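A.B. asks: Next come a sequence and a model predicted from it.
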Amino acid sequence: MSVARFLSICFCLFMGFSSLSAQHYDQAIGLRGGTSFQLSYKEFFSYYPSPQMAWEVLVGVHIDERRRSFTNGYVVEGMWYYHQDIGFNTNFSAYGAAGLHMGIYTPVGEKRRFGAGLAIALGAEYTFNFTPVNIGLDWKPILGSPRSSLLRGALTIRYILPTTWQ
């Protein structure tokens with residue numbers, strides 16, 4: 001699937017559905033794997049009437065897509081999410097996010113250096129009804145120094161932490 005097609009689908013999902021309802025969780029912790037391997041902690045802080053918003057902290061490694069190097073970047077990311085439910089009580093939601101990343105990068109054959117930049121994300125997630133699990137799939141390009149890439153994406157699997165209201 002081309003990037004333009006994926007973006008068009010995400011845009012239609014955001015614009016085509018107008019009803020919002022609360023997410024089925026407050027906090028979740030999990031693993032993200034794809035062009036980065038990271039630990040994820042996500043927490044919702046705004047549910048109703050609109051929009052649903054969350055923040056997420058990610059800690060892990062970025063992979064250099066060009067050289068397939070796992071030791072290229074040790075990073076911390078902070079993301080701010082806007083969620084839109086998809087459909088009628090389907091437990092699917094589409095989201096857009098923006099945030100910052102910073103870390104230590106070690107390009108092959110060069111000295112280590114500090115790097116930072118911006119990140120955006122477009123994706124969808126599903127929350128299971130009878131299991132405290134949430135899965136998400138996203139496209140997350142980054143722009144910064146020493147690394148910029150449009151070819152970033154991953155699958156995130158999270159365990160939903162129990163809360164007092166559940």
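C.D. replies: Great, that's in hand.

A.B. asks: Show me where this protein dips below the pLDDT cut-off.
C.D. replies: 1-24, 49-50, 65-71, 88, 108, 164-166 (pLDDT under 70).

A.B. asks: Would you check that A97 makes contact with I120?
C.D. replies: Yes: the criterion here is Cβ atoms under 8 Å, and A97 meets it with I120 at 6.6 Å. Just so you know, the C-beta spots here come from the backbone N, C-alpha and C atoms, and that holds for glycine as well.

A.B. asks: intersection of neighbour lists for those two?
C.D. replies: Counting by Cβ atoms under 8 Å, 6 or more residues apart in numbering, the common neighbours of A97 and I120 are K140.

A.B. asks: neighbour-wise, which of these two wins?
C.D. replies: A97 (20 against 16; other Cβ atoms under 10 Å).

A.B. asks: Does the more buried one lie in a helix or a strand, and which?
C.D. replies: Element membership for A97 (DSSP states H and E) is strand 92-105.

A.B. asks: Can you give me the buried ones in that strand?
C.D. replies: For strand 92-105, burial by neighbour count (16 or more other Cβ atoms under 10 Å) applies to 93-97, 99, 101, 103, 105.

A.B. asks: all helices for this structure, in order.
C.D. replies: Assigned by DSSP state H, the helices in the chain fall at 3-16.

A.B. asks: so how far is D64 from the residue in it sticking out farthest from the centre?
C.D. replies: Most distant residue from the mean C-alpha position of the chain: G109, 30.3 Å away (Cα atoms, centre = their mean). To D64, G109 is 12 Å away according to Cβ to Cβ, to the nearest Å.

A.B. asks: Walk me through which strands the longest strand along the chain pairs with, and which way each runs.
C.D. replies: Using DSSP state E to define each element, the chain has its longest strand at strand 69-86. Sheet pairing of strand 69-86 (DSSP bridges) gives strand 52-64 (antiparallel), strand 92-105 (antiparallel).

A.B. asks: now the longest one: how far from the chain's centre is it?
C.D. replies: The reference is to strand 92-105. 5 Å (Cα atoms, centre = their mean, to the nearest Å).

A.B. asks: and what of stretch 35-55?
C.D. replies: 8 Å.

A.B. asks: and that stretch, which residues are buried?
C.D. replies: Applying 16+ other Cβ under 10 Å to stretch 35-55 flags 35-36, 38, 40, 42, 44, 47, 52, 54 as buried.
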